[in-house]
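Undergrad: I would like the atomic coordinates for the input below:
(5 chains)
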Amino acid sequence: MILGKVAGTIVSTNQNINIKGAKLLLVDMCNTKGESTGNFLVALDLVGAGYDEVVMISQSTSARETSMTKNKPIDAAIVGIIDVMDEFEKVVYRK
Amino acid sequence: MILGKVAGTIVSTNQNINIKGAKLLLVDMCNTKGESTGNFLVALDLVGAGYDEVVMISQSTSARETSMTKNKPIDAAIVGIIDVMDEFEKVVYRK
Amino acid sequence: MILGKVAGTIVSTNQNINIKGAKLLLVDMCNTKGESTGNFLVALDLVGAGYDEVVMISQSTSARETSMTKNKPIDAAIVGIIDVMDEFEKVVYRK
Amino acid sequence: MILGKVAGTIVSTNQNINIKGAKLLLVDMCNTKGESTGNFLVALDLVGAGYDEVVMISQSTSARETSMTKNKPIDAAIVGIIDVMDEFEKVVYRK
Amino acid sequence: MILGKVAGTIVSTNQNINIKGAKLLLVDMCNTKGESTGNFLVALDLVGAGYDEVVMISQSTSARETSMTKNKPIDAAIVGIIDVMDEFEKVVYRK
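TA: Numbers count the residues shown, from 1 in each chain, chains lettered A, B, ... in the order given. So this is what the prediction gives:
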């Protein structure tokens, strides 16, 4: 999974995704310190992620392995909110 | 899903896609402000996207999870037209 | 799908692809004007593409959604020859 | 598979992965000498990898071809710990 | 498929691939002249490739479309050894 930071939301009324209550978030890819890279993805939120939270994103077919996304044309889903990240036994990010 | 801007159309008479009325669009990947990057994809239009509109593109197997694209050799499909995008509660793009 | 220009052929007698009469082409990724980038892929030809033609390439599982490529270890197939490409209602490439 | 070096761990209580005892590791992509590149992935550990070990990571659908990851929204899994790597008959990395 | 040059071997006793006699090779991505780029993949050898040979690598799900790799967590396989490559009717590589 890749790391990203929730940066905003997307409104798309004319779409073909067909998921009731789908919440599409704009996610900025980030490093292990939670610093943004400026590369964005649109991902379906499966965990109730909020602004500025660091999340894990699962891509491609893996994004569809949940009851909500099964057989939907989704290629990126937020599958977890990161609480703590450590590198070499030192905490580098804490929610 | 990735963001792109509809830049043009593709005509391909000798093809193996076998979708009646398939509309193939040339899409320029763009940032969250709708600014082009100059990296292009050819994507099947599923939502009636028009010139200069910012769209969401679903890739790989996810592009085939619709009735029109099922079992077709398509690896990129436009699955939504973006109406509004906001970053940190500020609108950065509006259709 | 991505755009490429047919640049040459590949001969591989010791292979595991198991497609009778498979024609493997060397394709140079190109921009919307048909200009080469120098990044190459080996793709299975499904449409009889010739030297210097600009083609659409479908990748990964999508490349296997045809009768010829089904269940074969192919991850790139030429699925269409481009006749005309236009950007903002101006023709940028014509075969 | 790509090469990576185990750099740390991830804690995510609010997640949608649904694997009991899932251990998510932070992996830094590395070269054949085991030198880090600073590009990170979050991968599910299937082999008991430890800090600083060089591992092989399988991505996308391939990451789900094990009993633990089947039908789970996982797109990266550590499938092997590297003991020795050689280039042109010279050992370049040893655990 | 992408082009690579066989650069070495990988030994991994603690792994989860479960293929008897699996031979994992270190492959350096290369251009059409067989020149290395320094970007490496670990790929399962399906064709008996040897040091310094230029090979075709199939990735992701396509890598599993053979009897040996079916349902295995493999995302890169060597599916052919290149004998000859030509660009614009001029031979650029010969084994």
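
Undergrad: show me the beta-bridge partners of the residue most central in space within chain A.
TA: Geometric centre of chain A, nearest residue: A:I78, 3.2 Å, by Cα atoms, centre = their mean. A:I78 has these beta-bridge partners by DSSP bridges: A:D45, A:I57.

Undergrad: correct me, but it touches A:G48?
TA: No: when contacts are counted by Cβ atoms under 8 Å, A:I78 is not listed as touching A:G48 (9.1 Å). Heads up, the C-betas are built off the backbone N, CA and C, glycines and all.

Undergrad: separation between the residue nearest to the centre of chain A and C:S36?
TA: According to Cβ to Cβ, to the nearest Å, A:I78 stands 38 Å off from C:S36.

Undergrad: what's the answer for A:V11, then?
TA: 39 Å.

Undergrad: cool, A:E89 as well?
TA: 48 Å.

Undergrad: same drill for those two, tell me which one is more crowded.
TA: C:S36 (14 against 8; other Cβ atoms under 10 Å in any protein chain shown).

Undergrad: follow-up on the earlier one: list the contacts of the residue nearest to the centre of chain A.
TA: Residues counted as contacts of A:I78 (Cβ atoms under 8 Å, 6 or more residues apart in numbering or on different chains) are A:4, A:6, A:25, A:27, A:43-47, A:49, A:55-57.

Undergrad: residues near the closest residue to A:M85 other than its chain neighbours, how many?
TA: Excluding its sequence neighbours, the residue lying closest to A:M85 (Cβ to Cβ, 6 or more residues apart in numbering or on different chains) is A:Y93, at 4.1 Å. A:Y93: 21 surrounding residues under other Cβ under 10 Å.

Undergrad: just checking, A:Y93 touches A:I82?
TA: Yes: applying Cβ under 8 Å, one finds A:Y93 in contact with A:I82, separated by 6.7 Å.

Undergrad: what count of nearby residues applies to A:T13?
TA: A:T13: 10 neighbours (other Cβ under 10 Å).

Undergrad: what helix or strand is it located in?
TA: Remark: A:T13 resides in no helix or strand, with elements defined by DSSP states H and E.

Undergrad: tell me how far the residue in chain A positioned nearest to chain D lies from chain C.
TA: Closest residue of chain A to chain D, Cβ to the nearest Cβ: A:G80 (3.2 Å). Counting by Cβ to the nearest Cβ, to the nearest Å, the separation of A:G80 from chain C is 25 Å.

Undergrad: what does A:K70 give?
TA: 17 Å.

Undergrad: next: A:S67.
TA: 22 Å.

Undergrad: one more: A:V42?
TA: Separation of A:V42 from chain C (Cβ to the nearest Cβ): 20 Å.

Undergrad: try A:G50
TA: Going from A:G50 to chain C by Cβ to the nearest Cβ gives 33 Å.

Undergrad: how about A:L41?
TA: A:L41 sits 18 Å away from chain C, going by Cβ to the nearest Cβ.

Undergrad: cool, A:K5 as well?
TA: Computed as Cβ to the nearest Cβ, the A:K5 to chain C distance reads 28 Å.

Undergrad: next: A:T32.
TA: 28 Å.

Undergrad: and what of A:E53?
TA: Distance from A:E53 to chain C, by Cβ to the nearest Cβ: 31 Å.

Undergrad: residue contacts, the spatially closest residue to A:V54 that is not a sequence neighbour?
TA: Distances taken as Cβ to Cβ, 6+ apart place A:I82 nearest to A:V54, at 4.4 Å, with adjacent residues excluded. Each residue near A:I82 by Cβ under 8 Å, 6+ apart is listed here: A:L3, A:E53, A:V54, A:V55, A:M56, A:Y93, A:K95, D:I10, D:V11, D:S12.

Undergrad: I'd like those residues written out as TSV, with secondary structure and pLDDT added.
TA: Compiled in TSV, the contacts of A:I82 are given as follows (DSSP: H, G, I helix; E, B strand; the rest coil; pLDDT from 0 to 100):
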residue	secondary structure	pLDDT
A:L3	strand	96
A:E53	coil	96
A:V54	strand	97
A:V55	strand	97
A:M56	strand	96
A:Y93	strand	94
A:K95	coil	92
D:I10	strand	94
D:V11	strand	93
D:S12	coil	93
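
Undergrad: closest to C:T66 among these?
TA: For these, the minimum distance to C:T66 (Cβ to Cβ) is 34.6 Å, reached by A:M56.

Undergrad: wait, that closest one touches A:V6, no?
TA: No: in this structure, A:M56 is not within contact of A:V6 by Cβ under 8 Å, at 11.7 Å.

Undergrad: quick one: which of those two has more around it?
TA: Legend: neighbour count by other Cβ under 10 Å for A:M56 and A:V6, higher for A:M56 (28 against 22).

Undergrad: A:A49 in helix, strand or coil?
TA: coil (DSSP: H, G, I helix; E, B strand; the rest coil).

Undergrad: excluding chain neighbours, what is closest to the residue of chain A found nearest chain B?
TA: Closest contact between chain A and chain B, by Cβ to the nearest Cβ, is at A:Q15 (3.2 Å). With Cβ to Cβ, 6+ apart as the criterion, A:Q15 has its nearest non-adjacent residue at 3.2 Å, and that residue is B:G80.
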